[in-house]
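Enquirer: fold the stuff below for me.
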Amino acid sequence: MKKRRRKNNIGKKFFNTVFVGTYVSFICFLYLFATRVTPWDIDYFVKQTQQHTSALVATLKSQKDAFDAKREAAAIAKAVSEEKKNSDENKNPKEEDEKTTDEKILQSDTIDLIYYSQNDSRWKTTIYGGDNIIGVFGCGPTTLAMLVTTLTGNEITPNMTAKWALDNGHFCNDSGSYHSIIPNGAQNYGLTSKSLSNPSKDTIFQELSKGNLVVVLMDRGIFTSQGHFIILRGVTADGKVLIADSQSPENSEVAWDIDTIIKEAKYAASSGGPFWSVGKA
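Expert: Numbering: from 1, shown residues only. As a prediction, the model looks like this:
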């Protein structure tokens, strides 16, 4: 009985000691907080918390946007693949053979351009890199294919230039192509490439009058919501410019105001962009 009481007394003393210690520590904390923490300290802590929270929200939003873009691209690829499958099941083989050998030619006073569309059934569902298909992300390889086929006379198609671009480090996942695809691609296929560092109506028209083609990387505007390569291929009698847009045959059939092209070009481009004059060696 005495041993039990002794144990109880020891337990009570231990509990009291812990309680008193905790209480004293808490009182000390309150005292220090009241006497040492200034309004400036509190304001600084709140601002730091807000900044870290804003940064975290921005990071999460960026990751979500990237995930949504990739999911959308995958959905488009799947839909296009199903469309191709259904088309292959219903097509007339003879008619398809005739269609795929009939290339479109865009004419101008200086040069006739062999036109390729990213959405051509022969390669629109072909993987450029990762899970990115030419029909969505392949404006770079398609533009390069038009340049090479037109200026060399050799039939080089977008699926061929896409493979070259991927193998040589010019593919940019979920964004299309690095800007280097134009000057490096031109050099690879035996063409000349010159950056137009101070593009103006006169300098662009001068290059076109020589029979060269001018590639422009466009920024957000009429032609794209992100970034997109087009080709300037000729000039009309009333001073407008003719283009080749791999994503839009309709845009490629009408003349455009050169000032619109210059205004909407992507001047943050690398590799000598956003204007390159490409010609025969």
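Enquirer: for this protein, just list every one of the helices.
Expert: 2-36, 39-90, 93-100, 134-137, 139-152, 158-167, 181-188, 201-209, 258-264 (DSSP state H).
Enquirer: how about P249: what's its closest non-neighbour residue?
Expert: Spatial nearest neighbour of P249, chain neighbours left out: S117 (6.0 Å); criterion: CB to CB, 6 or more residues apart in numbering. To be clear about C-beta, it is placed using only N, CA and C from the backbone, and glycine gets the same treatment.
Enquirer: so who does W276 touch?
Expert: With contacts taken as CB atoms under 8 Å, 6 or more residues apart in numbering, W276 has the following neighbours: I182, P183, A186, S193, K194, S195, L196, V214, V215.
Enquirer: just flag the most distant two among these.
Expert: The most widely separated members of the contacts of W276, counting by CB to CB, are A186 and L196 (13.7 Å).
Enquirer: more neighbours: these two, which one.
Expert: A186 (24 against 19; other CB atoms under 10 Å).
Enquirer: so what's the residue nearest to that one when sequence neighbours are not counted bridging to?
Expert: Excluding the flanking residues, the one nearest A186 by CB to CB, 6+ apart is S193, at 3.9 Å. With DSSP bridges as the criterion, the beta-bridge partners of S193 are V278.
Enquirer: look up how far K263 lies from S193.
Expert: Counting by CB to CB, to the nearest Å, the separation of S193 from K263 is 23 Å.
Enquirer: okay, those two: which has more neighbours?
Expert: Counting neighbours by other CB under 10 Å for S193 and for K263 shows that S193 has the greater number, 19 against 11.
Enquirer: ok, E103 - contacts?
Expert: With CB under 8 Å, 6+ apart as the criterion, the residues that contact E103 are I114, Y115, Y116.
Enquirer: how far away is it from K263?
Expert: For E103 relative to K263 (CB to CB), the value is 32 Å.
Enquirer: residues contacting T143?
Expert: Contact analysis of T143 by CB under 8 Å, 6+ apart lists I182, V215, F229, I230, I231, A244, S246.
Enquirer: and it, what's its pLDDT?
Expert: What the model reports as pLDDT for T143 is 98.
Enquirer: against I182, how distant is it?
Expert: Between T143 and I182 the distance is 7 Å, computed by CB to CB.
Enquirer: who touches both of these two?
Expert: Contact criterion CB under 8 Å, 6+ apart; residues bridging T143 and I182 by contacting each: V215, F229.
Enquirer: got the CA positions of stretch 160-177 in PDB?
Expert: As requested, the backbone C-alpha atoms of stretch 160-177 are provided in PDB (Å, rounded to 0.1, in the frame of the first residue of the first chain):
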ATOM      1  CA  MET A 160      11.400  13.600 -93.800                       C
ATOM      2  CA  THR A 161      12.300  17.000 -92.500                       C
ATOM      3  CA  ALA A 162      10.600  16.200 -89.200                       C
ATOM      4  CA  LYS A 163      12.900  13.200 -88.700                       C
ATOM      5  CA  TRP A 164      15.900  15.200 -89.600                       C
ATOM      6  CA  ALA A 165      14.900  18.000 -87.100                       C
ATOM      7  CA  LEU A 166      14.300  15.400 -84.300                       C
ATOM      8  CA  ASP A 167      17.600  13.600 -84.900                       C
ATOM      9  CA  ASN A 168      19.500  16.900 -84.900                       C
ATOM     10  CA  GLY A 169      18.000  18.600 -81.800                       C
ATOM     11  CA  HIS A 170      15.600  21.000 -83.400                       C
ATOM     12  CA  PHE A 171      12.400  19.500 -82.000                       C
ATOM     13  CA  CYS A 172      10.900  21.300 -78.900                       C
ATOM     14  CA  ASN A 173       8.400  19.200 -77.000                       C
ATOM     15  CA  ASP A 174       4.900  20.600 -76.800                       C
ATOM     16  CA  SER A 175       6.100  23.700 -78.600                       C
ATOM     17  CA  GLY A 176       7.000  22.600 -82.100                       C
ATOM     18  CA  SER A 177      10.500  23.500 -83.200                       C
END
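Enquirer: I'm done for today, thanks for sticking with me.
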